[in-house]
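S.K.: Mind folding the following:
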Amino acid sequence: MKQTENQKDSALLPDNTMQLLDGRFLPLYPREEKGCETNNEMYITSIKPYQSLKEENKHLSTSEDDTPKDELQFFLDNVFFFVAHAEDILSDSRLFLAPVPVLCGLPFIGRNPFRYATLGVYIEWWMHNGFAVHKDERDKVSFIWALCGSPMTGSNRCAMVDENGLSTKITVGDFSKHVRSFCRINQRYHECKSLALSYSLRQVKDVLQNRHGSNYINSAYRNGLNWQNNWLINSKRELLDTIHDRNNRLMHHQMDAHAQELEKLVTQYLERGEKNDKESATLQNKIREAKQKLKLGEISNVEYQQYISPMKRELDRQKHDPDFDMWNEIQQIFPQENYSLDDVLMWMESRKGTECSIQRQKTD
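M.R.: Below is the predicted model of the structure:
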């Protein structure tokens, strides 16, 4: 998915809601305390503010005794569970903003882009960036969860997690693309994280397990494969659009270099077209007159066919020959290309638009 400028901005809106990448709006629940960050590990205190929730939520488990390391392992053990219930997580800000204690320090960037990563941030990253979803030759899916390396050199040693919670090392291509995409999504929600109430990861699992039960592996695989396939389709479409744009720029650059020749050709083509139009109108009138004589019995059908056949051949020649002649002329100018008359006419139109724009600027 290609991200727009708006998606780089804060997701926090004035009416105490936040907007996700897919455009949906989620209400935020005010919290009593802001998160805290330790020296070398990242962790957000989300338990004490959570105590202000209604009685119906008091049965959810807490994790006050968990260390950030425990929370991280809990996250890895349950990544597939969370992926399976991605739609629920993207429908409740308290689930979305659940803190994930992953801290990545990158040379030249530091830790700030990775501060306070949340469950929803990871879900959106995997959903909209299929390169973060790894599929092996057996269609087994793993999700990249840690980015470690240098965006400057591309050297990296990242980590991905499988359905069993097993984390393994992986070296990814275009490492800077991974970093940029994650940072862009994560930074959108910084304000929301500091202001809004969030569940802990254990509380998220309680909510989702009470709602859906424990059968989730197939859904997780389906979501992961769909996200990757959708990303591949969109990437191919974007690549084709990019190639088309580059080819157009190259074509326009080449035609600009032969502007006088092409303008002369187009002028001759248009003049020849006007002449042919007049001749065609004359021939069509003669054919109509002959047809009228045939109806009145003034000439036989044989005489009619003998009379109009040469004129029809001439009309057909006038219709096709100018385009073919023009194509031959274009090929002589660009022997290595396969530019058409439509390409030249499109270039002429864009050139006129540019000239008009320049003229307006001079006038202003």
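
S.K.: And stretch 74-87, end to end?
M.R.: Counting by Cα to Cα, to the nearest Å, you get 20 Å between the two ends of stretch 74-87.

S.K.: any idea how far Gln260 lies from Thr267?
M.R.: 11 Å (Cβ to Cβ, to the nearest Å). For every residue, glycine as well, the C-beta is placed using N, CA and C.

S.K.: Retrieve the pLDDT associated with Gly173.
M.R.: Per-residue pLDDT puts Gly173 at 87.

S.K.: Any chance of the backbone angles for it?
M.R.: phi -80, psi 150 (degrees, to the nearest 10).

S.K.: Equivalent analysis for Asp15, please.
M.R.: Per degrees, to the nearest 10, the backbone of Asp15 is at phi -90, psi 30.

S.K.: now swap in Lys140 and tell me
M.R.: phi -80, psi 130.

S.K.: continuing past the longest helix along the chain, what's the next helix or strand?
M.R.: Across the chain, the longest stretch assigned as helix under DSSP state H is helix 217-257. Using DSSP states H and E, the helix or strand that follows helix 217-257 in sequence is helix 259-296.

S.K.: list the helices and strands that next one packs on?
M.R.: helix 301-333, helix 341-363 (3 or more Cβ pairs under 8 Å, 6 or more residues apart in numbering; DSSP states H and E).

S.K.: I'd like to know which of these is closest to Asp92.
M.R.: For Asp92, the closest of the helices and strands packed on helix 259-296 is helix 341-363, at 49.2 Å, according to Cβ to Cβ.

S.K.: any low-confidence regions in the stretch 201-350 of the chain?
M.R.: Within the stretch 201-350 of the chain, the stretches with pLDDT under 70 are 321.

S.K.: Give me the helices and strands touching the longest strand anywhere in the chain, please.
M.R.: Counting by DSSP state E, the longest strand found in the chain is strand 141-146. Packing contacts for strand 141-146, counted by 3+ Cβ pairs under 8 Å, 6+ apart, involve helix 79-84, helix 119-128, strand 133-135, strand 158-161, strand 167-170, helix 217-257.

S.K.: Quick check: which of these is nearest to Gln292?
M.R.: helix 217-257 (48.2 Å).

S.K.: Give me the helices and strands touching the closest one, please.
M.R.: The contact analysis (3+ Cβ pairs under 8 Å, 6+ apart) places helix 217-257 against helix 79-84, helix 119-128, strand 133-135, strand 141-146, helix 341-363.

S.K.: go with 10 Å
M.R.: Judged by 3 or more Cβ pairs under 10 Å, 6 or more residues apart in numbering; DSSP states H and E, helix 217-257 is in contact with helix 79-84, helix 86-89, helix 119-128, strand 133-135, strand 141-146, helix 259-296, helix 301-333, helix 341-363.

S.K.: Reduced to three states, what does the residue located most distally from the centre of the chain come out as?
M.R.: Most distant from the centre of the chain: Glu298, at 69.6 Å, with distances by Cα atoms, centre = their mean. At Glu298 the chain is in coil, as set by DSSP: H, G, I helix; E, B strand; the rest coil.

S.K.: Report whether the expected contact of it with Gln292 is present.
M.R.: Yes. Using Cβ atoms under 10 Å, Glu298 is in contact with Gln292, at 8.5 Å.

S.K.: excluding its backbone neighbours, what's nearest Gln318?
M.R.: Spatial nearest neighbour of Gln318, excluding adjacent residues (Cβ to Cβ, 6 or more residues apart in numbering): Asn276 at 4.2 Å.

S.K.: Could you tell me how far the one you found is located from Thr282?
M.R.: 11 Å.

S.K.: Kindly report the same for His320.
M.R.: From His320 to Thr282 the distance is 19 Å (Cβ to Cβ).

S.K.: Next: Ser10.
M.R.: 70 Å.

S.K.: what about Ala257, neighbour count?
M.R.: By other Cβ atoms under 10 Å, 11 other residues sit near Ala257.

S.K.: ok, now which ones touch Ser10?
M.R.: If a contact means Cβ atoms under 10 Å, 6 or more residues apart in numbering, then Ser10 has 18-19, 187-192 as its contacts.

S.K.: Give the helix, strand or coil label for it.
M.R.: Assignment for Ser10 (three-state DSSP): coil.

S.K.: Kindly provide the distance from it to Ser194.
M.R.: For Ser10, the distance to Ser194 - Cβ to Cβ - is 11 Å.

S.K.: In terms of neighbours, single out the busier of Asn276 and Thr282.
M.R.: Neighbours per residue (other Cβ under 10 Å) separate Asn276 from Thr282, with Asn276 holding more: 17 against 11.

S.K.: Which residues are in contact with that one?
M.R.: For Asn276, the contact set (Cβ under 10 Å, 6+ apart) comprises 314-315, 317-319, 321-322.

S.K.: In a markdown table: the residues you listed, plus neighbour count.
M.R.: Listed next are the contacts of Asn276 as a markdown table, based on neighbours: other Cβ atoms under 10 Å:
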| residue | neighbour count |
| --- | --- |
| Glu314 | 14 |
| Leu315 | 16 |
| Arg317 | 12 |
| Gln318 | 17 |
| Lys319 | 11 |
| Asp321 | 12 |
| Pro322 | 18 |
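
S.K.: What is the nearest of those residues to Leu239?
M.R.: Among those, and counting by Cβ to Cβ, the member closest to Leu239 is Pro322, at 37.0 Å.

S.K.: quick one: whichever strand or helix holds Glu71 to strand 141-146, angle?
M.R.: Element membership for Glu71, per DSSP H and E: helix 68-77. Inter-element angle recorded for helix 68-77 and strand 141-146: 160 degrees (by axes from the mean of the first three to the mean of the last three Cα atoms, to 10 degrees).
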